[in-house]
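J.: no sequence on this one, just coordinates:
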């Protein structure tokens with residue numbers, strides 16, 4: 001039995017609006033995004 005490759009059935013509808021100036025303003029002087037801080041009492045902290 002041979003399987004077909006490619007031609008996946010992924011379709012995207014709609015659009016996404018991005019504020020480029022806001023996104024770029026979050027970068028530091030080297031162009032990196034700072035690490036996020038998580039409270040230690042946050043259940044998603046993994047501590």
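T.: Yep, that arrived. Computed from a predicted model, the values in this text were never measured in an experiment.

J.: what about this structure, any weak spots by pLDDT?
T.: Counting by pLDDT under 70, the chain shows low-confidence ranges at 1-8, 40, 42, 44-47.

J.: residue boundaries of the helices in it?
T.: All helices of the chain, identified by DSSP state H, fall at 20-25.

J.: How many neighbouring residues does residue 19 have?
T.: Residue 19 is surrounded by 8 other residues when neighbours are defined as other Cβ atoms under 10 Å. All C-beta spots, glycine's among them, are computed from the backbone N, C-alpha and C.

J.: Got phi/psi on it?
T.: For residue 19, the backbone dihedrals are phi -90, psi 100 (criterion: degrees, to the nearest 10).

J.: what sits against it?
T.: Neighbouring residues of residue 19 by Cβ atoms under 8 Å, 6 or more residues apart in numbering: there are none.

J.: Try it again at 10 Å.
T.: When contacts are counted by Cβ atoms under 10 Å, 6 or more residues apart in numbering, residue 19 touches residue 25.

J.: Now do it against residue 43, distance only.
T.: Relative to residue 43, residue 19 is positioned 30 Å away (Cβ to Cβ, to the nearest Å).

J.: for residue 9, same thing?
T.: For residue 9 relative to residue 43 (Cβ to Cβ), the value is 36 Å.

J.: So those two - more neighbours on which side?
T.: The neighbour comparison of residue 9 against residue 43 (other Cβ under 10 Å) goes to residue 43, with 7 against 4.

J.: ok, the more buried one to residue 37 distance?
T.: From residue 43 across to residue 37, the span is 16 Å (Cβ to Cβ).
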